[in-house]
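K.L.:
Test case, fold it:
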Amino acid sequence: MDFDFELLQELTETSGVPGYEDRVRELVRREFDGVVDSVRTDSMGNVVGTIEGESDLSVAVAAHMDEIGFMVRHIHEDGFLALDALGGWDPDVLRAQRVTVHAADGDLTGVIGSIPTHVQDEDDEEFSVHDVHVDLGRPVEEVEQLVSVGDLVSMEQRTERVGNNVTGKALDDRICLFAMLEAARRVEDPRVTIHFCATVQEELGVRGAPAVSVDVDPDLAVALDVTVANDIPAVEKEEDYGTELGRGTAIKLKDSSVVTTPKVHRRMRSVAEERDIDHQLEVLPSGATDTAGFQNTHGAKPVGAISIPTRYLHTVTECANAEDVSATIDLLTAFLETETGEYDYSL
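P.N.:
Numbers count the residues shown, from 1 in each chain. All right, here's what the predicted structure looks like:
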């Protein structure tokens, strides 16, 4: 891997659910130190690291810091915790998982259990997120002393290499946050001002990006996010859509929230071809990204998006290919270094 895998591990293993991205925000600020000309944080928690360019034109690059998680909504009389989801969970992936409860006095390890097959009834009702309960292994009196309603809960998982892939939790979207930080380090003497935006609350409906879009008011915006890779046996080929691991970075044409600006994605393709960067095109039928948060929040803006193909999204075993990650960093860096402020993206 031709990138800092240890930093990627740190970013993905650190917890930061929507609205409570504090720990990840501190890592971003640390990584911006000495790399950008200025750093600021707004009242929502978005972090913007700015590299000043020669021209008056500015470009915003965005990747979100938050991961899907939970908030404690109730403590049962037997000491189990009931949860409220922060982001979109498939309940089937939550059984038999370890979690971290972020209590006021420190983190606590808990488990989401699963009814043993020995006692399961074929007529059991369908499992939902509201059926999820956290077992802290403590009597209720101790749980009530340690945990409060409103405490946050995140999944517990290490980030590892698996063959040519990287797997772990929160690759959505920390692997793209990592790519943005790597590009910020590599960009040299840009012609335009670049605002590297680490955004919040994307998993709750793209909330941080519109706010930071108004604040930085860029002339062009590029968002980074993971995208669906359905190159797995469980998906019928005739129903397949999305991207494939190992075919390079993905240049987004559309998702359910945005149609990217044709002149922007065409220039991305041109840069990728000129630099011999492996790439594929992305047409995503469902799913929203920060791209939409910049397109028309503060007047009409040209937008583009670069995605990292990822298997098993919104689980603790998300998988991305290392070469696709490198290609994403390469394309973003090249696109920014070749932005002169003279391209006309208007329609």
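
K.L.:
which sections of the stretch 101-250 of the chain are below the confidence cut-off?
P.N.:
116-125, 237-241 (pLDDT under 70).

K.L.:
quick one, strands of it?
P.N.:
106-112, 133-135, 152-155, 160-162, 165-168, 193-199, 220-228, 249-254 (DSSP state E, counting those that start in this stretch).

K.L.:
now for these, which one comes closest to residue 18?
P.N.:
strand 152-155 (9.5 Å; CB to CB). Every residue, glycine included, has its C-beta placed from N, CA and C.

K.L.:
What pairs with the closest one, parallel or antiparallel?
P.N.:
strand 69-75 (antiparallel), strand 97-103 (antiparallel) (DSSP bridges).

K.L.:
Against residue 28, how distant is the closest residue to residue 245 other than its chain neighbours?
P.N.:
The shortest distance from residue 245 to any non-neighbouring residue, by CB to CB, 6 or more residues apart in numbering, is to residue 321 (4.2 Å). Distance, residue 321 to residue 28, by CB to CB, to the nearest Å: 24 Å.

K.L.:
would you turn the strands of the stretch 101-250 of the chain into JSON lines with mean neighbour count and distance to residue 315?
P.N.:
Formatted as JSON lines, those follow (neighbours: other CB atoms under 10 Å; distance: least, CB to CB, whole Å):
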{"stretch": "strand 106-112", "mean neighbour count": "16", "distance to residue 315": "13"}
{"stretch": "strand 133-135", "mean neighbour count": "19", "distance to residue 315": "18"}
{"stretch": "strand 152-155", "mean neighbour count": "24", "distance to residue 315": "9"}
{"stretch": "strand 160-162", "mean neighbour count": "12", "distance to residue 315": "14"}
{"stretch": "strand 165-168", "mean neighbour count": "23", "distance to residue 315": "10"}
{"stretch": "strand 193-199", "mean neighbour count": "27", "distance to residue 315": "22"}
{"stretch": "strand 220-228", "mean neighbour count": "27", "distance to residue 315": "12"}
{"stretch": "strand 249-254", "mean neighbour count": "24", "distance to residue 315": "20"}
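
K.L.:
Present those strands as JSON lines; the columns should include distance to residue 46.
P.N.:
As requested, the strands of the stretch 101-250 of the chain are exported to JSON lines (distance: least, CB to CB, whole Å):
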{"stretch": "strand 106-112", "distance to residue 46": "25"}
{"stretch": "strand 133-135", "distance to residue 46": "30"}
{"stretch": "strand 152-155", "distance to residue 46": "19"}
{"stretch": "strand 160-162", "distance to residue 46": "30"}
{"stretch": "strand 165-168", "distance to residue 46": "24"}
{"stretch": "strand 193-199", "distance to residue 46": "5"}
{"stretch": "strand 220-228", "distance to residue 46": "13"}
{"stretch": "strand 249-254", "distance to residue 46": "21"}
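
K.L.:
Which of the ones you listed sits closest to residue 345?
P.N.:
strand 220-228 (6.5 Å).

K.L.:
Just the helices from the stretch 151-300 of the chain, written as ranges.
P.N.:
Secondary structure of the stretch 151-300 of the chain (DSSP state H, counting those that start in this stretch): helices at 171-186, 208-216, 262-274, 290-295.

K.L.:
Of all those, which one comes closest to residue 158?
P.N.:
helix 171-186 (12.5 Å).

K.L.:
Which of the strands paired with strand 152-155 sits closest to residue 214?
P.N.:
strand 69-75 (26.7 Å).

K.L.:
Not counting its own residues, what contacts the following helix or strand past the closest one?
P.N.:
Using DSSP states H and E, the helix or strand that follows strand 69-75 in sequence is strand 81-86. Contacts to strand 81-86, defined as CB atoms under 8 Å, 6 or more residues apart in numbering, come from residues 17-19, 68-76, 101, 110, 129-130, 132-134, 136, 143, 147, 152-153, 203-204.

K.L.:
go on, stretch 326-335?
P.N.:
Residues contacting stretch 326-335 (CB under 8 Å, 6+ apart): 1-3, 61, 176, 179-180, 182-183, 186-187, 222, 224, 248-249, 251, 267-268, 271-272, 275, 277-279, 306-308.

K.L.:
Can you select the buried ones among the residues you listed for me in PyMOL?
P.N.:
Per 16 or more other CB atoms under 10 Å, the buried members of the contacts of stretch 326-335 correspond to this PyMOL selection:
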select buried, resi 61+176+179+180+182+183+187+222+224+248+249+251+267+268+271+272+277+278+279+306+307+308
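
K.L.:
re the thing from before, quick one: closest of the strands of the stretch 101-250 of the chain to residue 38.
P.N.:
Nearest to residue 38, of these and by CB to CB, is strand 193-199 at 9.8 Å.

K.L.:
what helices or strands is that closest one leaning on?
P.N.:
Counting contacts by 3 or more CB pairs under 8 Å, 6 or more residues apart in numbering; DSSP states H and E, strand 193-199 is packed against helix 22-32, strand 47-51, strand 58-64, helix 171-186, helix 208-216.

K.L.:
what separates the longest one from the chain centre, distance-wise?
P.N.:
In this case it means helix 171-186. Centre-to-centre, helix 171-186 and its host chain are 10 Å apart (CA atoms, centre = their mean, to the nearest Å).

K.L.:
Which elements pack onto that helix?
P.N.:
helix 5-13, helix 22-32, strand 58-64, strand 193-199, strand 220-228, strand 303-311, strand 318-321, helix 322-337.

K.L.:
Output those as TSV; include the columns distance to residue 294.
P.N.:
Listed next are the helices and strands packed on helix 171-186 as TSV, based on distance: least, CB to CB, whole Å:
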stretch	distance to residue 294
helix 5-13	22
helix 22-32	19
strand 58-64	6
strand 193-199	9
strand 220-228	4
strand 303-311	5
strand 318-321	24
helix 322-337	15
